[in-house]
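**Q** build the 3D model from these lines:
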Amino acid sequence: MRKKTMDVSLAKKKVESLVGLDLTIRYNKGRNKIVYFDGKIPLACPGIL
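**A** Predicted structure coming up:
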């Protein structure tokens, strides 16, 4: 039987720790065209927290 690697409360804590972090998204449009977007995670869905 498989071991549980993460339960729901731990997943919620991990998502909560991501709120407020800066991030960079790399979007590959194909044919060697790559676009970068910078941003910040302002909040998470209340159903997750």
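**Q** next, count neighbours for Val15.
**A** Close neighbours of Val15, defined as other C-beta atoms under 10 Å, add up to 14. Every residue, glycine included, has its C-beta placed from N, CA and C.
**Q** before we move on, what about Lys3?
**A** Neighbour tally, Lys3, other C-beta under 10 Å: 4.
**Q** how about the one 4 residues further on?
**A** In terms of burial, Asp7 registers 8 neighbours under the definition other C-beta under 10 Å.
**Q** also Lys12?
**A** Lys12 - counted by other C-beta under 10 Å - has 13 other residues nearby.
**Q** wait, it sits on Leu49?
**A** Yes. The pair Lys12 and Leu49 qualifies as a contact (C-beta atoms under 8 Å) at a distance of 6.2 Å.
**Q** give me the contact list for the worst-scoring helix or strand of the chain on mean pLDDT.
**A** One helix or strand of the chain scores below all others by mean pLDDT, DSSP states H and E: helix 8-18, with a mean of 93. Identification of contacts with helix 8-18 by C-beta atoms under 8 Å, 6 or more residues apart in numbering yields 6, 41, 44, 48-49.
**Q** having no further points to raise, I will conclude here.
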